[in-house]
Structure formats: structure tokens, C-alpha cells
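**Q** Need coordinates for the below:
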Amino acid sequence: MKIFYSVILVLLTAFTASAQTPPANYLVVLNKFKQFYNGNKPDSVYNMFSPELKASITADKWNTTTSQLKAQLGTLNQAEPVEYIAPTAIYKAVFANATFLLNISLNNQNKLIGIFFKPYKDPFVTIPVDPSLTESPVALKTLSGTVSGTLSLPKDATGKLPVVLIIAGSGPTDRDGNNNQGSLSGNTYKMLANELGKNGIASLRYDKRGIGQSVSSTKPKEMRFDDYVDDAVGLINMLNDDSRFSKIVVLGHSEGSLVGMLACRDQPAKAFISIAGAGQPADKIMTEQMKAQPQYIADNFKLMLDSLKKGKFTDKIDPKIYAIAGPDMQPYLASWFRYDPARELKKIKLPMLILQGTTDIQVTVADAEKLKKAAPSDAKLVIIPGMNHVLKEAPADKALNTATYTKPNLPLKPELVSSIVDFVKGLK
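**A** Below you'll find the predicted structure:
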């Protein structure tokens with residue numbers, strides 16, 4: 001699910017061609033903005049606007065927008081200059097809860113003629129395709145658009161190969177296991193494709209609907225969990241029609257585990273792999289997560305959840321959770337909450353591998369044990385010491401753990417790769 005941030009964007013005058021360090025007068029304006037923003041004084045910021053900017057937004061709308069922004073991002077801790085392209089200075093703005101690019105444009109009177117926030121992305125480092133592999137694009141036409149992916153094959157392969165369909169986890173995650181918000185850039189799925197290929201196993205990874213190169217006409221309010229399932233089913237059947245492959249193994253990571261469970265049913269898949277898959281319905285997980293929020297926010301979420309269970313939507317949502325529980329998100333949540341992973345897993349009569357790391361701060365070993373209990377008796381459960389949610393070596397400390405989410409060259413846990421390879425090669 002995409003995170004929503006309120007922004008203000010106005011048309012600016014033409015930029016000059018060269019980039020420079022922002023002039024000193026921009027720093028003065030930036031410091032005033034920081035002071036007023038952190039001091040909850042949006043009216044004072046509004047007084048810094050030029051007549052043209054004031055004409056584009058009312059004071060009331062600016063105050064509402066700023067309040068929502070402050071609730072989501074927290075205080076502005078520091079801002080580092082990135083570049084200056086007259087009349088706009090660009091700063092790396094480090095807020096308490098996220099990092100953004102802050103664009104400030106001034107007129108000759110040092111009045112704001114434009115202010116714009118954009119999610120900051122560190123310079124991204126991708127990993128190369130292993131030289132023993134070849135990659136080719138894949139496109140699946142759907143009723144609402146196209147699902148785009150990458151097929152990885154060993155160059156020296158002879159005969160038919162097993163192929164693993166890699167289904168991504170939650171959020172705006174692309175085929176490589178990254179997102180465009182700067183919070184996830186670990187190349188997890190691309191690394192997995194490389195490792196599988198080196199062991200003689202083909203793979204197909206893809207951008208989720210509406211993410212990356214996967215285009216969709218589905219509007220956020222129209223999105224349903226089953227849409228992800230439909231996309232996975234379409235790809236399973238595409239692979240089944242390809243004579244190069246001997247068997248299809250569906251691998252779902254995180255939220256993709258539930259997608260994979262549902263997609264496996266009555267489809268030509270030969271096995272299922274769950275990695276860091278939740279063992280209970282998503283509404284229970286989110287309710288548990290709300291305990292870390294102030295009580296009034298948790299109560300607001302509970303009110304929304306209770307209404308959903310009665311088939312009703314809630315318009316009044318606290319700004320801090322608007323991105324995940326706002327009116328446009330609630331139809332999707334309702335479609336997601338109705339599935340119990342443990343119950344759905346019982347319906348699958350396929351060879352199964354369940355993988356879980358001990359330092360995963362998003363999904364617990366207890367979740368994996370619930371799935372194992374619901375799975376067929378011959379399902380294999382592998383608990384990997386020191387593996388976190390992005391499938392890499394990480395300590396239990398939350399800050400150090402999440403730091404691995406943006407380390408594109410940090411390798412996957414070797415036990416993860418060997419467990420998957422042994423499982424796939426052991427299939428009859």
C-alpha cells in the first residue's frame with residue numbers, strides 16, 4: 001500500500017541550466033520555516049508566502065495540510081543543501097519519521113513562490129545479473145493493464161527446468177525487492193533469482209500491480225487483495241504454458257505468502273514456499289501494531305475496524321494512520337482481513353516449505369509455527385537463526401535490523417538459499 005503524504009506543488013518559473021549551492025538568503029528562509037513548522041505555527045509559514053502562492057492555496061487548506069504532514073513526518077530535525085537551480089533550492093530534509101527532498105523557491109523579495117516535498121531516495125545501487133544467467137522481460141496482459149516481470153534462466157541449461165514464481169511482500173515493492181520511497185533497497189528478490197539460477201533453477205519475479213513497470217487502471221479505492229491473487233494466477237498459467245519448465249514452485253514472501261497460498265489452489269503449481277508469512281489474519285496483526293501508537297489513535301483504528309466488520313466505512317481517520325486506514329484504503333483492508341492464513345493453508349495439498357528468521361521484527365517464529373501446524377504433515381519448517389524480514393543477517397536491535405533494509409549489497413542468509421534449492425531439487 002502506498003504511503004500518502006500531503007504536498008503543495010505550484011508551477012514555477014523556468015530553471016536555469018546550472019546547479020549551485022543555495023544562496024544565503026535561502027538558508028534564512030529555511031531556518032524560519034523549520035522554526036515555524038516545528039513550533040506548530042502554520043500561519044507564520046503562510047505569512048512567508050508570495051501573493052501568487054497565497055492565491056493558489058487558502059490559509060485554512062495550508063493549515064490542514066501542514067497538520068497532516070506534521071502528524072505523519074514528525075519534527076524537522078535537519079536540512080542539508082543538495083543543489084540550487086534558480087529560483088529553487090533543494091534540501092535533504094530529515095524528519096523524525098522519514099527523509100524528504102524539500103524544494104523551496106523564492107522571488108526577489110525572498111517570499112515563497114513554491115514549496116514541495118518529495119520522498120528522498122539514497123543513490124541506489126543495484127546488483128549485477130550473475131554472468132551465468134540470462135534475463136528477459138515478461139509481460140502479462142490483464143483486464144486492467146499489464147504485469148511486468150523478469151525471467152531468469154541459467155545460460156547452460158539443458159532440458160526442462162524447475163521455475164520459481166517469486167511473489168513480493170507488502171507495500172510498493174518492485175520485482176527486485178525494492179521500493180521508490182527509500183525505505184527498501186536491499187535487492188532481496190534479485191539476489192534470490194541470482195542464487196537460484198546459479199543452482200540450475202529458473203525464476204520469475206515481477207512488479208506488483210501499479211508498481212514499477214506494472215501499469216493498471218485500477219484506482220486505489222477499487223483495489224482489492226484478490227487482484228494480487230489474480231495476477232499471480234495469471235503468471236502461474238503463463239509459466240505452465242511454457243515448454244521450457246518442468247514444474248512451477250510458488251514462493252511468497254511476507255504478504256506475498258498469503259497471495260501465494262490463494263494462487264496455488266486449483267492451479268498447475270507443484271509446490272509452495274512461504275517465507276516470513278503471517279500466521280494470523282492481517283486485522284489482528286495491525287491491531288497489535290496499533291498498541292505502539294497513542295491510545296487515541298489505537299481507538300480510532302479500532303472504531304474503523306469495528307465498522308468494517310459491519311460492512312461500513314469510516315470517513316474520520318486520524319492523519320497519522322490515514323495512509324493505511326483512510327477511506328480509500330478501507331475497501332482493500334476489508335478484502336484482506338477476511339483471509340486467515342492458517343485456514344487457507346489447510347486447503348493446499350502440495351509439498352510445502354515454511355521459512356522464518358529469528359530476528360524478523362515484522363513476523364515472528366510463532367507465526368511460522370502456526371502455519372506449520374495448519375500445513376500438511378509432511379510440510380517442512382526451517383527456522384533460520386539471525387535472519388530478518390528482508391532475508392539477511394541482522395541483530396535483534398530494531399535500529400540495526402532496519403538498517404539492513406537499505407543495504408543493497410548485503411547478501412542473503414546462506415541457509416535460506418540452501419533450504420530453497422534443496423527443497424526444489426528434491427521435488428518429484
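**Q** Verify the contact between residue 302 and residue 288 for me.
**A** No - with contact defined as CB atoms under 8 Å, residue 302 does not reach residue 288; the gap is 11.9 Å. Yep, even glycine has a C-beta here, placed from its N, CA and C like the rest.
**Q** Dump the C-alpha coordinates for the lowest-mean-pLDDT helix or strand in the chain into PDB.
**A** Lowest on mean pLDDT, DSSP states H and E among the helices and strands of the chain sits helix 322-325, with a mean of 82. Listed next in PDB are the C-alpha coordinates belonging to helix 322-325 (Å, rounded to 0.1, in the frame of the first residue of the first chain):
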ATOM      1  CA  TYR A 322      -4.700   7.900   7.200                       C
ATOM      2  CA  ALA A 323      -2.200   6.300   4.700                       C
ATOM      3  CA  ILE A 324      -3.100   2.800   5.900                       C
ATOM      4  CA  ALA A 325      -6.700   3.100   7.100                       C
END
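**Q** Give me the distance from it to the chain's centre.
**A** Helix 322-325 has its average C-alpha position 14 Å from the chain's average C-alpha position, going by CA atoms, centre = their mean, to the nearest Å.
**Q** Packing partners of it?
**A** Judged by 3 or more CB pairs under 8 Å, 6 or more residues apart in numbering; DSSP states H and E, helix 322-325 is in contact with helix 59-73.
**Q** how much space between residue 131 and residue 194?
**A** 10 Å (CB to CB, to the nearest Å).
**Q** who has more neighbours, these two?
**A** A count of neighbours by other CB atoms under 10 Å puts residue 194 above the other of residue 131 and residue 194, at 22 against 8.
**Q** buried stuff in stretch 340-355?
**A** By neighbour count on 16 or more other CB atoms under 10 Å, the buried set for stretch 340-355 is 340, 341, 342, 344, 345, 348, 350, 351, 352, 353, 354, 355.
**Q** In strands, which of those appear?
**A** Secondary structure defined by DSSP state E assigns 352, 353, 354, 355 of the buried residues of stretch 340-355 to strands.
**Q** just checking, next helix/strand downstream of the least confident helix or strand of the chain?
**A** helix 330-337 (DSSP states H and E).
**Q** So for that following helix, what gets flagged as buried?
**A** So, applying 16+ other CB under 10 Å, buried residues of helix 330-337: 330, 331, 332, 333, 334, 335, 336, 337.
**Q** Give the helix, strand or coil label for residue 164.
**A** strand (DSSP: H, G, I helix; E, B strand; the rest coil).
**Q** Go ahead and confirm it touches residue 252.
**A** No - counting by CB under 8 Å, residue 164 does not reach residue 252; the two are 10.7 Å apart.
**Q** what is in contact with these two at once?
**A** residue 273 (CB atoms under 8 Å, 6 or more residues apart in numbering).
**Q** how about low-confidence regions in this protein?
**A** 1-20, 121-124, 181-182 (pLDDT under 70).
**Q** please redo it, this time with the cut-off set to 80
**A** 1-21, 83, 85-86, 118-125, 180-183, 319-320, 322-323 (pLDDT under 80).
**Q** Show me how the record splits it into domains.
**A** Domain assignment of the chain by automatic domain parsing yields the ranges 24-119, 133-281+339-425.
**Q** how far out from the middle of the chain is the last one?
**A** Counting by CA atoms, centre = their mean, domain 133-281+339-425 is centred 13 Å from the centre of its parent chain.
**Q** what does the shortest one give?
**A** The chain centroid and the centroid of domain 24-119 are separated by 27 Å under CA atoms, centre = their mean.
**Q** Please enumerate the helices of the stretch 1-150 of the chain.
**A** 24-38, 42-46, 51-56, 59-73 (DSSP state H, counting those that start in this stretch).
**Q** Can you tell me which helices and strands the first one packs against?
**A** In other words, helix 24-38. With contacts defined as 3+ CB pairs under 8 Å, 6+ apart, helix 24-38 has these neighbours: helix 42-46, strand 76-85, strand 88-95, strand 99-106.
**Q** Alpha carbons only: can I get stretch 137-144 in PDB?
**A** Extracted C-alpha coordinates of stretch 137-144, given in PDB (Å, rounded to 0.1, in the frame of the first residue of the first chain):
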ATOM      1  CA  PRO A 137      11.400  -9.300 -19.800                       C
ATOM      2  CA  VAL A 138       7.900 -10.800 -19.300                       C
ATOM      3  CA  ALA A 139       4.600  -9.100 -19.700                       C
ATOM      4  CA  LEU A 140       1.200 -10.500 -18.600                       C
ATOM      5  CA  LYS A 141      -1.900  -8.700 -20.000                       C
ATOM      6  CA  THR A 142      -4.700  -8.300 -17.500                       C
ATOM      7  CA  LEU A 143      -8.100  -6.700 -17.600                       C
ATOM      8  CA  SER A 144      -6.800  -3.500 -16.000                       C
END
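**Q** So for it, what gets flagged as buried?
**A** By 16+ other CB under 10 Å, the buried positions in stretch 137-144 come out as 138, 140, 142, 144.
**Q** what do you get for stretch 85-104?
**A** Within stretch 85-104, the residues scored as buried using 16+ other CB under 10 Å are 85-91, 93-95, 98-104.
**Q** got it, and stretch 386-406?
**A** Buried, per 16+ other CB under 10 Å, within stretch 386-406: 387-394, 401-402, 404-406.
**Q** now the end-to-end length of it.
**A** 17 Å (CA to CA, to the nearest Å).
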